[in-house]
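S.K.: build me a model from this:
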Amino acid sequence: MATLIPDYLSLDFATIIERLKTQLQDTTTFADYNYEGANITILMELLAYIGELNTYLINKVAQNVHIETADVYEAVNRNARQMGYEPRGPVSARGTVTVSTTAATPGEEYKLYEFTQLTSDAVYDGSNILYTNTTTYSETPTGSAFDFEVDVRQGEIVQLEGYSGKDLIDNELILPENYAYDNDLADDLPSLVLFINGVAWTRVSDFYDNLSPLRNDNDVYMFVYDRYRRSKIVFNSARNVPSEDDEITLKVLRTLGINGGVGANEIVNLPDQFLYNVPNATWVDNNTISVTNAGATTGGADAEEAATIKQNARAVLHSQYRNVTAVDYQTNLEQRDDVIQANAWGEQDLSPSGSIQEFNKVHLSVIPNEWGAQTIGTNTSIWTTDWSASGTIEAPSGYNGSYEQNLKTWIEPSKMVTAYEVFQIPALVYFSFEFGMRRKRLYNFDTMTTDLKNKLNYYFRAANQDFNSVIDYNDILEYLLDTTEVSDTDNFDSLTGIRNLTIRDIDVNRTVNEPNNDGDYPQYVETAASMAGNVNTIRKIQLGLNQFPVLHLSTVTINEET
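M.R.: Down below sits the predicted model:
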């Protein structure tokens with residue numbers, strides 16, 4: 001069988017010298033030759049050195065020809081593009097703020113213009129995290145007090161001016177740094193706007209062919225994150241390209257990526273000029289205006305690394321832009337900025353022996369970046385356990401009709417003709433833990449408790465979990481005790497003071513379906529984490545197809561042990 005990656009070590013420096021010595025020993029001149037300090041040894045070492053370099057180079061070239069074995073980012077990025085996948089740059093977090101005013105005149109038009117900068121109270125790297133709306137909002141109130149919701153993206157507004165067609169090299173304009181990448185061209189919250197002579201051009205994901213209905217619009221460009229990790233604007237000679245005299249201006253967002261998320265009620269600071277009264281041509285007094293975000297912002301991400309590009313590119317190639325497998329559906333849905341995790345399952349998952357009722361039926365479920373009336377509504381319920389206080393939990397109640405339709409529209413271009421797709425409400429499984437912890441003498445137990453809960457909460461954040469996953473207490477303990485496992489904003493320093501950590505109990509709020517001992521169907525129902533008849537053993541918990549793990553932090557208890 002052919003080896004996909006050449007074995008570089010089979011011709012390294014030492015091996016080449018040994019082969020040369022073996023070859024020379026077959027001659028009469030060098031049969032019993034002493035190579036220590038001999039001149040020929042220098043020549044052999046020089047030849048071996050050159051041979052090792054060439055072997056290593058050939059090995060690297062062969063390894064990076066195919067995306068499956070490539071380990072150099074430039075090669076992974078290039079191969080992914082050849083497969084039809086566009087690698088993604090840093091993505092800015094997004095959220096919704098509510099704008100309220102108490103001094104409006106009924107019937108008059110008020111505008112919030114695009115690219116208006118808002119400042120949050122959250123701080124990263126010594127500076128307040130900035131947000132902006134990238135779409136103009138127009139409102140006509142019926143009373144003196146009114147409010148409206150505004151979609152915002154994280155990022156500092158940057159206006160790039162002074163460019164012209166003379167700055168294009170091979171129809172490409174390299175930007176001075178990386179800016180927020182928006183992979184959803186259909187939404188109304190762009191992260192970048194490009195103007196040619198003051199006229200906005202249209203951003204596209206490809207330049208298409210003559211059959212595309214968008215072929216009639218020739219004023220188009222692509223925003224690309226290239227193999228050298230640079231953001232650039234790309235034009236195409238088959239469409240319109242700015243001439244040397246055309247002025248090119250861009251409005252972009254300088255984003256913090258994964259570090260740009262903020263919590264609820266933190267986007268509260270207004271610029272000097274915010275809301276404009278159109279008939280009176282005046283700015284509304286900021287003392288009569290307030291803004292706030294009811295929920296945390298989500299969706300921020302750093303630029304895709306090689307491993308992520310490989311996974312997503314393979315998914316696109318295997319499906320040929322069609323959702324054939326569960327992984328195809330999952331990858332497609334998770335490319336949306338408003339979806340954190342997705343899952344798909346069907347007939348073989350529910351009934352391996354086959355079911356007429358499930359034939360060609362695809363079940364889909366998603367975890368949105370923000371719960372609520374606009375995505376998946378929730379209601380509250382009370383969860384009371386044997387050993388922890390009662391606590392209110394959020395239970396998904398139903399998809400918003402327009403949101404569900406939006407998701408269906410998103411996957412429609414990749415739909416198989418015979419597939420019948422139905423969205424199901426995700427079943428959240430809330431976990432609570434009882435820990436026993438021993439600390440080192442000089443560490444504070446309260447500080448350690450705070451860090452332990454924060455790290456456990458980070459472990460259970462939606463981006464780190466998945467549907468149908470296995471909750472293994474050994475994995476959780478290993479993660480909590482590993483001091484190299486840190487979040488983007490917290491090193492959990494005090495956990496170095498843990499002398500011993502034990503999970504005493506695990507509790508869940510709903511029935512968990514687990515495979516039987518043979519690992520196959522039918523499944524039996526286990527209502528707790530401990531197997532009947534062996535109550536002192538904390539078992540792994542295998543979640544069902546539509547079950548997603550959530551931490552109920554307020555009921556987690558940590559007891560100090562001696």
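S.K.: what lines up beside the longest strand seen in the chain in the sheet?
M.R.: Counting by DSSP state E, the longest strand found in the chain is strand 427-439. Partners of strand 427-439 in the sheet, by DSSP bridges, are strand 498-508 (antiparallel), strand 547-551 (parallel), strand 557-560 (parallel).
S.K.: of the ones you listed, which is nearest residue 67?
M.R.: Smallest distance to residue 67 across these (C-beta to C-beta): 30.6 Å, for strand 547-551. In short, each C-beta sits where N, CA and C put it, glycine included.
S.K.: pLDDT averaged over the closest one - what is it?
M.R.: Taken as a whole, strand 547-551 carries a mean pLDDT of 92.
S.K.: how about residues contacting it?
M.R.: The contact list for strand 547-551, computed with C-beta atoms under 8 Å, 6 or more residues apart in numbering, reads 341, 365, 367, 393, 426-432, 456-457, 459-460, 462, 465-469, 471, 510, 512-513, 543.
S.K.: just the buried ones out of these, please.
M.R.: Among those, those classed as buried by 16 or more other C-beta atoms under 10 Å are 341, 365, 367, 393, 426-432, 456, 459-460, 465-469, 471, 512, 543.
S.K.: what residues sit buried inside the helix or strand harbouring residue 403?
M.R.: Assigned by DSSP states H and E, residue 403 belongs to helix 401-411. Using 16+ other C-beta under 10 Å as the test for burial, helix 401-411 gives 403-404, 407, 410-411.
S.K.: and if you look at stretch 259-274?
M.R.: Applying a neighbour-count criterion of 16+ other C-beta under 10 Å, the buried positions in stretch 259-274 are 259-262, 266-267, 270, 274.
S.K.: what do you get for stretch 46-59?
M.R.: 48, 51-52, 55, 59.
S.K.: just put the buried residues of stretch 259-274 in TSV and tack on secondary structure and distance to residue 239.
M.R.: Output for those, formatted as TSV (DSSP: H, G, I helix; E, B strand; the rest coil; distance: C-beta to C-beta, whole Å):
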residue	secondary structure	distance to residue 239
259	helix	36
260	helix	33
261	coil	37
262	coil	39
266	coil	42
267	strand	38
270	coil	40
274	coil	38
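S.K.: nearest to residue 347, out of the residues you listed: which one, please.
M.R.: Comparing the buried residues of stretch 259-274 against residue 347 with C-beta to C-beta picks out residue 261 as the nearest, at 38.3 Å.
S.K.: gap between the closest one and residue 461?
M.R.: 11 Å (C-beta to C-beta, to the nearest Å).
S.K.: show me which of the buried residues of stretch 259-274 is closest to residue 144.
M.R.: residue 274 (17.7 Å).
S.K.: who are the contact partners of the closest one?
M.R.: 112, 116, 283-284, 286, 289.
S.K.: out of those residues, which is nearest to residue 35?
M.R.: Nearest to residue 35 among the contacts of residue 274 is residue 116, at 76.9 Å by C-beta to C-beta.
S.K.: for that closest one, which residues count as its bridge partners?
M.R.: Note on residue 116: beta-bridge partners by DSSP bridges are residue 133.
S.K.: what about it, neighbour count?
M.R.: The number of residues packed near residue 116 is 21, by other C-beta atoms under 10 Å.
S.K.: can I assume it is in contact with residue 132?
M.R.: Yes - with contact defined as C-beta atoms under 8 Å, residue 116 counts as touching residue 132 (6.3 Å).
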